[in-house]
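>>> just the structure for this:
(one chain, ligands or ions: 3)
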Amino acid sequence: MNPQQLFDLFATTGTFSSCSPLGAGLINDTFVVQTKEVTAPDYLLQRINHRIFQNVAMMQENIFRVTSHLRTKLEQRGDNTDRKVLTMIPTKDGQLFYFDGDSYWRFMLFIPDTISVEDVTETSAYDAGRAFGQFQMDLSDLQGEPLGETIPNFHNMEFRLQQFFDAVVNDPVKRAKNVVDLIDEIEKRAYDLCLPERLYREGKLQKRINHCDTKVNNMLFDKDGKFLCVIDLDTVMPGFVLSDIGDFIRTAANTGAEDDENLDNVSLNMSIFKAYTKGYLETATFLTPLEKSLLPFGGRLLTYMQTVRFLTDYINGDIYYKTKHPEHNLQRTKAQFKLLQSIEKHIDEMNAFIALCK
Ligand code: ADP
Ligand code: GN1
Ligand code: MG
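Ligands and ions are numbered 1, 2, ... in the order given. Reported below is the predicted structural model:
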C-alpha cells in the first residue's frame, strides 16, 4: 500500500505532499509525511515490525491508554498537550492501526521543530531524568488491567540468557567459534546480573510501568535542547525501574556510540550519569530504598543485557536488529561490552553518588 493511500485511510487533515524515511530506530520503519497546507500538521507514519511485535492490537491499545493518561496529567498541570505527548491518529473508521494484508501501519502527529540526538549535555540529561521520573510517576495511577507485555519477558535477564545459551548451543550460522571469549565473559556475569529476577521472586522488588526503551533517540528535544517528549512507546509495560535508568545510562552516558568501531571512544560519562540521576530522583519520589540503591546496577544490567542481545543476534545470523553490514551486531556487542567494563570500574563511585542523593 502506498503512503498516499494510507494517508487517505487515516483521519488525517490536509493534502498528502511527500513521504520520506526518518530516524535511526533498529526495529520499525519510520517516515515523515508532509502535507501541502501550512495550516495542516505533518505526520509520522510507521510500518510496525510485526515479527517482533506479534500482538499489534494490544500494543496500540497500550499506547492509547498511556498517551491518554499522560495527556490528562499534562492538562491538570496546565502544560502543553500537543508537544509533550504523542498523539495517535486513528483510521477513519476508528481503528488504531491498519493491516493491508502484509504490513501493519500507524499514524501519529509529527511534532515539529524538534531534534532527536545521540549525545546530551548535563542540562538535558538532568531534564531527561526529571521527565522520566515524572513519566513513571504519572503512569503509576493508570487504572484498569495492567498494560500488556508487548514483547513477553522483554527485560527478563534470565530469559535473555536462556535465548543466548540456546543460540550458542544451536549455533545456526557457525559463528559461535568467533566469539568464544565474549561468551565466556557473559557466562561469568550471568548469576550476578539475574539479581532483580531473584529479588522479584522473593517479593522484595516490584514492577512498575516503565518505558523499557529509554535510549536517548527515543526522546525529542526542542531546538534549544530542552527536553520535550518521550516517544517510541511500543514497549511501555510493567518492569523494574532499573530498565529506564539503565537504558539512558547505556546510551546517553556513553562517550562513544552504541556501535562504535573505535573502542577507545567508549566509556562511562560519570557527569551525565550524575545529572540524569539527580533529575530522576527529584521526581521519582515513589522509589523504595532498595530500588534507589540499585539504580547504578540498572546501568550495568541494561548494558549487559544489550551485550547479550546483540551477541545472540550475531550468533543467530542477524535476524532481529536492522544491520548495516555482516559484522554489525558483533561490532555493537564489542562496544557494549567495553561500556559494561567501564561501568563496572565506576560502580563504587556510582553507588557512592546515589547514597549521597536525597
Ligand atoms: P523505532 O521504533 O524504529 O525506534 P521511533 O518511534 O523511535 O521508531 O521513531 C524513529 C525516530 O523518528 C525517532 O528517533 C525520532 O527522531 C523521530 N520521531 C518519532 N516520533 C516522532 C514524532 N511524533 N514527531 C517527530 N519526530 C518523531
Ligand atoms: C531497539 O526500536 P529501537 O531502535 O528504539 C530495541 C531495544 C534495544 C535497542 C538497541 C523492541 O530499540 O530494546 O535496546 O534497539 N527495541 C526492541 O539500540 O527490541
Ligand atoms: Mg526508537
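>>> going forward, measure contacts and count neighbours with C-alpha atoms only.
OK.
>>> what's the spacing between the residue lying closest to Leu109 once chain neighbours are set aside and Phe53?
Spatial nearest neighbour of Leu109, excluding adjacent residues (Cα to Cα, 6 or more residues apart in numbering): Tyr43 at 4.6 Å. From Tyr43 over to Phe53 the distance is 22 Å, taken as Cα to Cα, to the nearest Å.
>>> compare the two (neighbour count), which wins?
Neighbours per residue (other Cα atoms under 10 Å) separate Tyr43 from Phe53, with Tyr43 holding more: 25 against 19.
>>> the more buried one is in contact with Met88, isn't it?
No - the criterion here is Cα atoms under 8 Å, and Tyr43 misses it with Met88 at 9.9 Å.
>>> find residues that contact each of those two.
107-109 (Cα atoms under 8 Å, 6 or more residues apart in numbering).
>>> and Arg106, what element?
strand 104-109 (DSSP states H and E).
>>> quick one: average pLDDT of the following helix or strand past that strand?
Using DSSP H and E, the helix or strand that follows strand 104-109 in sequence is strand 114-115. For strand 114-115, mean pLDDT is 92.
>>> tell me what the strand holding Arg106 is packed against?
With contacts taken as 3 or more Cα pairs under 8 Å, 6 or more residues apart in numbering; DSSP states H and E, strand 104-109 sits against strand 43-48, strand 88-89, strand 98-99.
>>> for those strands, which one sits closest to ligand 1?
Nearest of these to ligand 1, taken as Cα to the nearest ligand atom: strand 43-48 at 6.0 Å.
>>> tell me if the closest one is near ligand 2.
No - judged by Cα under 6 Å from any ligand atom, strand 43-48 and ligand 2 are separated, with a smallest distance of 10.1 Å.
>>> would you put the C-alpha positions of that strand in PDB?
Below are the C-alpha coordinates for strand 43-48, written out as PDB (Å, rounded to 0.1, in the frame of the first residue of the first chain):
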ATOM      1  CA  TYR A  43       2.500  13.100  10.300                       C
ATOM      2  CA  LEU A  44       4.700  10.300  11.400                       C
ATOM      3  CA  LEU A  45       3.900   7.100   9.500                       C
ATOM      4  CA  GLN A  46       5.300   3.800  10.800                       C
ATOM      5  CA  ARG A  47       5.300   0.300   9.500                       C
ATOM      6  CA  ILE A  48       5.300  -1.800  12.700                       C
END
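>>> so what are the sheet partners of it and their directions?
Using DSSP bridges, strand 43-48 pairs in its sheet with strand 29-35 (antiparallel), strand 104-109 (antiparallel).
>>> what is the burial count for the closest residue to Phe64 other than its chain neighbours?
In this structure, Phe64 finds its nearest non-sequential neighbour in Met88, 7.2 Å apart by Cα to Cα, 6+ apart. The tally of other residues near Met88 (other Cα under 10 Å) stands at 21.
>>> correct me, but Met88 touches Arg65?
No - assessed by Cα under 8 Å, Met88 is found out of contact with Arg65, at 10.7 Å.
>>> which bits of this protein sit near ligand 1?
Contacts of the chain with ligand 1, taken as Cα under 6 Å from any ligand atom, map to 22-30, 44, 86, 108-111, 116, 217-218, 231-232.
>>> need the buried ones from those residues selected in ChimeraX.
Typed into ChimeraX, the line below selects the buried ones among these, using 16 or more other Cα atoms under 10 Å:
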select :27,28,29,30,44,86,108,109,110,111,116,217,218,231,232
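>>> longest helix in the protein, please.
Assignment by DSSP state H gives helix 328-356 as the longest helix of the chain.
>>> okay, buried residues for it please.
For helix 328-356, a neighbour-count test (16+ other Cα under 10 Å) marks 328-344, 346-347, 350-351, 353-354 as buried.
>>> in the stretch 251-358 of the chain, where is pLDDT below threshold?
For the stretch 251-358 of the chain, not a single residue meets the criterion pLDDT under 70.
>>> what about the helices in it?
Secondary structure of the stretch 251-358 of the chain by DSSP state H, counting those that start in this stretch: the helices cover 270-283, 289-293, 295-316, 328-356.
>>> what's the closest of those to ligand 2?
Nearest to ligand 2, of the helices of the stretch 251-358 of the chain and by Cα to the nearest ligand atom, is helix 295-316 at 6.2 Å.
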